[in-house]
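Undergrad: next come a sequence and a model predicted from it.
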Amino acid sequence: METRLLLPTKENIELSGNALRNGELVAVPTETVYGLAANALNGTAVRKIFTAKGRPMDNPLIVHISDFSQIERFNLVREIPEKAYLLAEKFWPGPLTVIMPKGSAVPNEVSAGLDTVAIRYPSHPVTQAVITAADCPLAAPSANTSGIPSPTAARHVMHDMNGKIPYIIDGGMCEVGVESTVITVVPDVPILLRPGGITLEQLESVIGKVEVSEAVLYKMKEGQKAESPGMKYKHYAPKANLILIKSSDDKYIEYINSCKKENVAALCYNEDVEKLNVKAFPYGNKNDYAQQANRIFDVLREIDESDVKTVYGRCPDTKGAAMAVYNRLIRAAGFEVIELA
Ligand code: TXA
Ligand code: MG
């Protein structure tokens with residue numbers, strides 16, 4: 001199949017909307033990462049997503065809407081919990097996914113057999129326009145091959161999906177750069193399942209206490225049940241051996257500069273670059289968490305295209321927007337962290 005790269009013109013949005021309504025796949029830019037979209041109400045179309053990505057069928061998908069009223073109009077949920085209204089009012093449209101009791105119209109392919117469904121109302125104008133043109137909710141995971149970093153540029157999607165899907169809409173670089181925050185409001189005390197652009201602190205300021213699923217920050221134990229199926233899969237691991245270093249600025253530089261191994265690189269803060277005597281892959285300023293999130297997946301793809309063997313990464317903070325970066329990097333490093341006193 002030929003894969004066409006489309007600019008988000010009015011005609012191309014129409015074309016994409018029609019293709020989606022007819023059961024085709026279209027990769028679309030969102031404010032977080034690029035998504036691989038299908039008509040969420042069409043199980044056959046949704047199955048194509050799993051094939052194109054090589055995604056395990058028991059990992060459920062997020063349903064995207066372009067207006068809050070579509071939740072009821074399309075029978076996506078059984079009920080909208082009170083806390084979902086509060087979150088929607090404050091953070092939608094935006095990088096937040098809310099899990100609610102599943103409605104009758106959602107096919108099992110989307111929810112992977114669970115009795116809940118994940119809903120997101122993205123803020124990206126192109127995503128909204130495509131959903132509105134398709135006139136159906138869109139199921140869309142990140143548009144990468146399973147096990148590879150999520151795509152934050154159209155060229156990343158082309159790299160992974162060329163020949164597998166008919167259309168990719170090029171909307172430039174994604175602003176947030178990591179996937180949406182995922183929260184379930186099904187239990188009385190909501191649980192943060194995946195950190196993202198909306199922080200824990202922001203969520204708690206609107207709905208009070210939010211638990212953080214253990215799998216967000218720690219390695220899951222053998223046999224432990226995943227609250228979100230996505231967390232149990234082996235996540236992206238770079239070809240090089242990635243090890244995170246938790247230390248002061250000076251200790252980090254000293255450790256790497258005295259390292260005798262070959263083909264060593266540093267996944268570092270921008271401020272570290274000029275002090276290092278190895279190849280540096282900076283992922284943002286030390287105190288700019290939004291910039292770190294925006295860059296991290298692109299930098300990980302860059303590392304994979306290089307021939308480095310060992311990468312010493314600066315361990316991100318775990319607070320605010322950095323929690324999302326930490327969550328992705330700690331997995332990429334297979335939870336390997338060196339603490340330098
Ligand atoms: O920013 C995003 O969320 C992007 C863009 C395209 O919207 N999408 C995305 O989708 O990251 P995906 O499929 O790569 O990640 C969805 C995550 C998975 O970890 C999945 O297990 C979890 O959400 N999830 C989906 N439905 C769920 C449910 N009913 N219960 C628990 N976890 C669920
Ligand atoms: Mg994904």
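TA: Great, that's in hand. Residues are numbered from 1 along each chain as shown. Ligands and ions are numbered 1, 2, ... in the order given.
Undergrad: switch to C-alpha atoms for all contacts and neighbour counts from now on
TA: Noted.
Undergrad: how far away is D304 from ligand 1?
TA: The gap separating D304 from ligand 1 is 20 Å, by C-alpha to the nearest ligand atom, to the nearest Å.
Undergrad: close to ligand 1, is the worst-scoring helix or strand of the chain on mean pLDDT?
TA: Least confident helix or strand, the chain: helix 214-217 with a mean of 91, by mean pLDDT, DSSP states H and E. No - interface with ligand 1: helix 214-217 contributes nothing (C-alpha under 6 Å from any ligand atom), its closest point being 10.8 Å away.
Undergrad: for that helix, name the packing helices and strands.
TA: strand 191-194, helix 322-332 (3 or more C-alpha pairs under 8 Å, 6 or more residues apart in numbering; DSSP states H and E).
Undergrad: quick one: mean pLDDT for the last one?
TA: For helix 322-332, the per-residue pLDDT values average out at 95.
Undergrad: so what touches the helix or strand following it?
TA: Per DSSP states H and E, the first helix or strand lying C-terminal to helix 322-332 is strand 337-339. Strand 337-339 has contacts (C-alpha atoms under 8 Å, 6 or more residues apart in numbering) with I243, L244, I245, K246, S247, C315.
Undergrad: does the second one count as helix, strand or coil?
TA: Judged by DSSP: H, G, I helix; E, B strand; the rest coil, the three-state class of L244 is strand.
Undergrad: bridging residues for it?
TA: Judged by DSSP bridges, the bridge partners of L244 are G313, V337.
Undergrad: can you list the residues of the stretch 1-150 of the chain near ligand 1?
TA: 32-35, 59-62, 99, 111, 116-118, 140-142.
Undergrad: now the stretch 201-341 of the chain
TA: Proximity of the stretch 201-341 of the chain to ligand 1, by C-alpha under 6 Å from any ligand atom, involves residues S228, P229, G230, M231.
Undergrad: and those residues, which are buried?
TA: Among these, those classed as buried by 16 or more other C-alpha atoms under 10 Å are S228, G230, M231.
Undergrad: any chance of these in a markdown table, plus pLDDT and secondary structure?
TA: Shown next, in a markdown table, are these (pLDDT from 0 to 100; DSSP: H, G, I helix; E, B strand; the rest coil):
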| residue | pLDDT | secondary structure |
| --- | --- | --- |
| S228 | 80 | coil |
| G230 | 73 | helix |
| M231 | 72 | helix |
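Undergrad: could you chop the chain up by domain?
TA: 4-217, 241-339 (automatic domain parsing).
Undergrad: what strand or helix carries the spatially most central residue of the chain?
TA: In the chain, the residue lying closest to the centroid (C-alpha atoms, centre = their mean) is E179, at 2.4 Å. In this structure, E179 sits in neither a helix nor a strand according to DSSP H and E.
Undergrad: what is the neighbour count of the nearest residue to it once chain neighbours are set aside?
TA: Distances taken as C-alpha to C-alpha, 6 or more residues apart in numbering put T32 closest to E179, at 5.2 Å, once the chain neighbours are dropped. T32: 29 surrounding residues under other C-alpha atoms under 10 Å.
Undergrad: do the same with N287
TA: Around N287 there are 12 residues (other C-alpha under 10 Å).
Undergrad: for it, which three-state class applies?
TA: N287 is classified as coil under three-state DSSP.
Undergrad: and it, what's its pLDDT?
TA: In this model, N287 carries a pLDDT of 97.
Undergrad: next one: it from I243, what distance?
TA: 21 Å (C-alpha to C-alpha, to the nearest Å).
Undergrad: T310 now?
TA: Counting by C-alpha to C-alpha - T310 and I243 are separated by 8 Å.
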